[in-house]
Structures are given as C-alpha cells and as structure tokens.
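# Could you look at this predicted model? Sequence included:
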Amino acid sequence: MPTQKDRSKKPNQSADAEVAPDIEEAPVDVSGNPLDEVMSQAERAYAAYMDAERQVAKAYHENEMQVAKAYKRAESQAYRSYESTVTKARKDRDDTIAAAAKAREAAIKEAEEAYAGAEQSANGAYETAITEAAANRDGNIEKSWQVRDETIEQAWQIYSKIAR
C-alpha cells in the first residue's frame, strides 16, 4: 500500500504511459449470475489498480534513482570544479611568489652592484683626495723649507755684511 507521500507525488510522463492497463471488457454474459459478473469486473479492476500502483511506484523509484544520479553528477562536477580552481589558484600563487622572489633577487643584485660601484667611486675619490692633499702638503713643506732656507740665507748675508 503506498504511503501518503507516495500518493502525493506526480508521476512523470513515462509512468503515465505505463499506467493505462490493458483492461479487456469481457462480453457480458446475460445467462450468468449478474453478481458473479460484477465480482469478476471488480477483481479485474482491482488487479488493474494494483498493477497501476506498482507501475507508479516503479516510476517514482526510477525517478528517485535518476535524481540521485543527477545529484551525484552535480556533486562530482562541483568537486572537480573546486579542485580545478584550487589547483589553478595554487599555481598562480606559486608563480607570483616565484616572480616576486626573482624580482627580489634582481633588486638585491642591482642594489649590491650600485653599492659596490658607489664604494669603489668613494674609495677612488678618497685616494685621489689623499694623494692631492699629500702632494699639496709635500709641496707646501718644500716651499716652506725653501722660504726658510732663503730667509736664513738672507739673514746670514745681512749678518755677514754687518759683521765685516
């Protein structure tokens, strides 16, 4: 006997086609007992009803199986889509991180090269300044000694003229 839930469901079109039982109308035998005839018709009608009920239950069951398969397909598709998206996102993340690391390495290398160039330039300027300062110092000291020597020479000449 179908439950209330089964009775409230609408059968699909294929179930409707199967529900129409082949009821053959037997010729009415007027010589027989009319009650027997009515009972026979009632039994055939009940048998047709039971057959139709089985066919409706089968149609509902088939529909339920198709819905379950469709759900499984949709669920499987959702999982595949999720996995695909996660895989793509992971690849994009890894590519971006790799590109950032490469750019970082290039920036570090460029900064180190700039630092080395600036250090070399500063050391060159330092050496040039020291060399020039030392040359100027040595030149000034030499001039100072010359002026001293000349001054002492002049003083001796003056003293020699006075002492004679």
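Yep, that arrived.

# mind checking which helix or strand of this protein has the lowest mean pLDDT?
helix 13-19 (a mean of 43; mean pLDDT, DSSP states H and E).

# May I ask you to name the longest helix in this protein?
helix 34-163 (DSSP state H).

# what's the spacing between that one and its chain's center?
Mean-position distance between helix 34-163 and its chain equals 14 Å (C-alpha atoms, centre = their mean, to the nearest Å).

# Can you tell me which helices and strands that helix packs against?
helix 4-8, helix 13-19 (3 or more C-beta pairs under 8 Å, 6 or more residues apart in numbering; DSSP states H and E). Heads up, the C-betas are built off the backbone N, CA and C, glycines and all.

# so where's this structure shaky on pLDDT?
Along the chain, the model assigns pLDDT under 70 to residues 1-31, 164.

# give me that answer again for 80
Filtered on pLDDT under 80, the chain yields the residue ranges 1-32, 163-164.

# Pick out the residue nearest the middle of it.
Ala89 (1.3 Å; C-alpha atoms, centre = their mean).

# Could you pull up the contacting residues of it?
Residues near Ala89 by C-beta atoms under 8 Å, 6 or more residues apart in numbering: none.

# Next, count neighbours for Glu62.
13 (other C-beta atoms under 10 Å).

# any idea how far it lies from Lys69?
Taking C-beta to C-beta, to the nearest Å as the measure, Glu62 falls 11 Å from Lys69.

# try Arg93
From Arg93 to Lys69 the distance is 36 Å (C-beta to C-beta).

# Please apply the same query to Arg80.
Distance from Arg80 to Lys69, by C-beta to C-beta: 16 Å.

# How about Ala45?
From Ala45 to Lys69 the distance is 36 Å (C-beta to C-beta).

# and if you look at Glu53?
Remark: distance between Glu53 and Lys69 (C-beta to C-beta) = 25 Å.

# what about these two, which has more around it?
Using other C-beta under 10 Å as the criterion, Glu53 and Lys69 rank with Glu53 on top: 15 against 10.
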